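> Provide a 3D model corresponding to the input given below.
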Amino acid sequence: MPWLFPTVDTWANGLNSAKAGKASRAGARAARVVRIIRMIRLIRLVKLYKYFAESRLYKGARIVPLNRDDDLDKTAPQSRVGAEMSDRTTKKVIIGILIMLICVPLFQPEEVQYINDFLMYEVLDRWTMRNFINQTNIGNSSEIASAIDAWDFAERQLIATTNCIYILYQQGKNVEKEVYVANKPDPSALRATEREIITISKASSDFYKLHGIFDTSAKAFEEAWLGVLLTTFVIALLAVGTMTFASDVNNLVIIPIERMVQLVTEISSNPLGGDLNSKIGDTENTYDGMETTVLLRTITKIAGLMRVGFGEAGAEIIGRNLNLSQSDEGGSAHSMNLLGNGRKIESIFAFCDVRNFTDTTECLQEEVMLFVNRIAHILHNHVVQCGGAANKNIGDAFLLTWKVDPSKMRTGIPEDHGYVADRALLSLIKTMVEMVRYEEFICNFSPTAVATLFERMPSYSCRIGCGLHFGWAIEGAIGSDTKIDASYISPHVNLTEFLEGATKDYGIPLLMSEPFYELLTPMAQVYCRKVDSILKSENDKISSLFTYDIKVEGVIEVKAISKDATKHGQRMSSERKIHKITAIKKSEKTAQVETRRKSHALHEHIRPSIKHRKDEILGGGAPIIEMAPFLPDVWDTDKDLVDIRCHFNGRCRRYWDRALDFYLKGDWQSARYTLCQLDQIMTVDDGPSDFLMRYMEKFAFVAPQNWQGFRDINAKIDEHLLSSTALLDIS
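Got it, this is the predicted structure:
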């Protein structure tokens, strides 16, 4: 850019700088050797890197060399993220330096034109020889002509072979001759960087000097392009280096932190949604052992534990406290507000209780946790797959919920609320079925525990009782800053627990309230029967109780032993079977045969024979519980649902409906007679029939005078009101 940097183009300055150019060309000859030595010295960088890498290793492993001070051992160990970033940065810096040292010389032209100097010395020799012969007159004319021809030949050779455009012959301070090469650019038209001035003289004397100007515009053009390429290379190298350095920071620090914030945001917006583990396992740039990965997985585990611990009832609590943009009233965004007002919800509540749990706990001791968790594994999987949520695990009892949208419930159309009642009922029935099917998995204990269990309860089978009800509840946190539980408070929750307890009186595994029964679809209501009408308290309404007839004994078989069962599992199953058979035989010898007081005592409840039960060993792993997609006609198409109610057919249902109608109207004698007829046609015991018979027997099968068609569970029986004539047996 000559208009910015004007140069003073004088021949004197050019001629004075010619001597310095000669020295620089001599130094360029040794540049290549120096470059090779410089490349070899790069090995020291690698050694230095190894030294620092070992130092970080010693420091991270808390191993300090003996020649180090004791204070270094007190410093905190370097994090793996910092060590990894330092290691990557060091490697890339060394690689970048090597690339620069290798590639930069390729963009620097260092050609030394020795032929220019050589030919000029030839011309100088011929010129000085011609002058010497001419001045001393020691030769004849032919020798002088020959010297002139040699001089002329050397000059022509210089002009033809090189890019010489001007030659100046200087003898002392006088210029003897100037030669401007034809068809060559004028030296004054070239820029200083486009011409090269070479001045030579005799080594013995500076009297004869030869000045030459050479056209180096092509070389300058090449140098310019190489400079552009060098600049481009440096820019590209810096860009790639910046990207690689930024990539390491992003992969090791920035992206994991952003992922943590995103994970916390997702949890705060929907604490119960999504699979947190898949977001970690399927994520790229996740490095095992890094502090960021450990922290990310820790947040995931904490969130998972919070979801499991708080359940659906605590979703709002989790979301409110994890929402970083929301501040508590009177506090900051960093404080926690675990306590506060609850909110009213409408939900289906289910309460399940394990039968004979007290005796089972005494027999199993430490293994009772396995027992409860195996039941919960089957129960919770069915509930979740049917749209429900587990709320409370209270020892032998489980509280389950199915939240419903009140606006959709008002329509009364099952499709609007997703058949929530049918799904709830189906999940509990399927749980009872699978508990029989996977009985060997549930009761897979040590030989000592199995022997104690079946010695105490010879015909023990793992069963549960369930109550289902629909109503409102207040959802919120219960407790203090020390310990809280997310739960539901409502009389409807207590009523659900009461229904479960009443299943023991009615001799059935499942009881449903009237509000829940009304939510069922007609396809499900067909197979539910009304068992009683009760009044729980004076402030409550009269409610009807319903059940779904379930008989799993002898209908659902225990799954066969899998082909890949271990020898240990087969041995445990055989020992369990031996202990059970031995306990049953011992019980049969000592037990007294109790005669039934009713006419249907002839039809004993036949339990399945032990020899027909097949063992199943899953190698210590829990079975996979998978339910088919729900369809409204599942009550007619599912084989398990059809098989477990086959003992109570349409004829039995007609007798029962007639007997219940007599019972509610107060005609207990007719009710008794109809129940006896029902007993004659049934092959198994019917719990509701036995309960009504026992209840009416307390009144000598005569309805009290204040009977209004329902049973007041809190009313006491007045013995003096019973008529002695009512005690007569009516056959």
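> next SSE downstream of the helix ranked longest in the chain?
For the chain, the helix with the greatest residue count under DSSP state H is helix 217-249. Counting by DSSP states H and E, the next helix or strand C-terminal to helix 217-249 is helix 255-269.
> any idea how far that next one is from the chain center?
Computed by C-alpha atoms, centre = their mean, to the nearest Å, the separation of helix 255-269 from the middle of its chain amounts to 12 Å.
> ok and the longest helix of the chain relative to helix 255-269, angle-wise?
Counting by axes from the mean of the first three to the mean of the last three C-alpha atoms, to 10 degrees, helix 217-249 lies at 40 degrees to helix 255-269.
> quick one: pLDDT of residue 379?
For residue 379, the model assigns a pLDDT of 93.
> re the thing from before, now do the longest helix of the chain: which elements does it pack against?
helix 80-103 (3 or more C-beta pairs under 8 Å, 6 or more residues apart in numbering; DSSP states H and E). (Each C-beta comes from the backbone N, C-alpha and C, glycine too.)
> show the average pLDDT along the helix it packs on.
84.
> where does pLDDT dip in the stretch 601-731 of the chain?
Scanning the stretch 601-731 of the chain for pLDDT under 70 picks out 601-621, 715-731.
> for the stretch 351-500 of the chain, same thing?
In the stretch 351-500 of the chain, residues with pLDDT under 70: 410, 412.
> which parts of it are strands?
389-394, 397-404, 464-479, 484-489 (DSSP state E, counting those that start in this stretch).
> run the chain-centre distance for the last one.
Taking the mean C-alpha point of strand 484-489 and that of its whole chain, the gap between them comes to 28 Å (C-alpha atoms, centre = their mean).
> what lines up beside it in the sheet?
Strand 484-489 sits in its sheet next to strand 464-479 (antiparallel), going by DSSP bridges.
> identify each buried residue in the partner strand, please.
464, 465, 466, 467, 468, 469, 470, 471, 473, 475, 476, 477 (16 or more other C-beta atoms under 10 Å).
> please report how far the last one lies from residue 348.
When you say that, I think you mean residue 477. Distance of residue 477 to residue 348, computed by C-beta to C-beta, to the nearest Å: 22 Å.
> again, but for the first one
Relative to residue 348, residue 464 is positioned 17 Å away (criterion: C-beta to C-beta).
> check the fifth one too.
For residue 468, the distance to residue 348 equals 7 Å [C-beta to C-beta].
> one more: the third one?
Taking C-beta to C-beta as the measure, residue 466 falls 12 Å from residue 348.
> what of the fourth one?
Residue 467 sits 11 Å away from residue 348 when distances are taken as C-beta to C-beta.
> now swap in the second one and tell me
When distance is defined by C-beta to C-beta, residue 465 is 17 Å away from residue 348.
> send me stretch 402-418 as CSV with only the CA atoms.
Included here for stretch 402-418 are C-alpha records, laid out as CSV according to Å, rounded to 0.1, in the frame of the first residue of the first chain:
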residue,chain,number,x,y,z
TRP,A,402,-56.9,-42.5,41.0
LYS,A,403,-57.4,-38.8,40.6
VAL,A,404,-60.2,-37.6,38.4
ASP,A,405,-61.2,-34.3,36.8
PRO,A,406,-64.4,-33.1,38.5
SER,A,407,-65.5,-31.4,35.2
LYS,A,408,-65.3,-34.7,33.4
MET,A,409,-66.9,-36.6,36.2
ARG,A,410,-70.1,-34.5,36.0
THR,A,411,-70.9,-35.7,32.5
GLY,A,412,-71.3,-39.3,33.9
ILE,A,413,-69.9,-40.7,30.7
PRO,A,414,-67.1,-43.3,31.4
GLU,A,415,-65.3,-42.4,28.2
ASP,A,416,-64.8,-38.8,29.4
HIS,A,417,-62.9,-39.8,32.5
GLY,A,418,-61.0,-42.6,30.8
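> flag every buried residue along it.
For stretch 402-418, by 16+ other C-beta under 10 Å, it's 402, 403, 404, 409, 414, 417.
> may I have the secondary structure class of residue 182?
coil (DSSP: H, G, I helix; E, B strand; the rest coil).
> can you read off the pLDDT for it?
Taking residue 182 on its own, its pLDDT is 83.
> swap in residue 69?
Residue 69 is given a pLDDT of 46.
> residue furthest from the geometric center of this protein?
residue 140 (105.7 Å; C-alpha atoms, centre = their mean).
> against residue 403, how distant is residue 418?
11 Å.
> then residue 376?
Distance from residue 376 to residue 403, by C-beta to C-beta: 20 Å.
> now swap in residue 530 and tell me
Using C-beta to C-beta, residue 530 is found at 27 Å from residue 403.
> now swap in residue 188 and tell me
Taking C-beta to C-beta, one finds residue 188 at 96 Å from residue 403.
> kindly report the same for residue 384.
13 Å.
> just for the stretch 151-300 of the chain, where's the confidence low?
In the stretch 151-300 of the chain the weaker segments, taking pLDDT under 70 as the threshold, are 203-205, 272-289.
> who's in contact with residue 378?
Contact analysis of residue 378 by C-beta atoms under 8 Å, 6 or more residues apart in numbering lists 431, 434, 435, 438, 442, 623, 625.
> the residue lying closest to it once chain neighbours are set aside: how many residues sit nearby?
Excluding its sequence neighbours, the residue lying closest to residue 378 (C-beta to C-beta, 6 or more residues apart in numbering) is residue 434, at 5.1 Å. Residue 434: 24 surrounding residues under other C-beta atoms under 10 Å.
> how about the one 5 residues further on?
Other residues near residue 439 number 21, with proximity taken as other C-beta under 10 Å.
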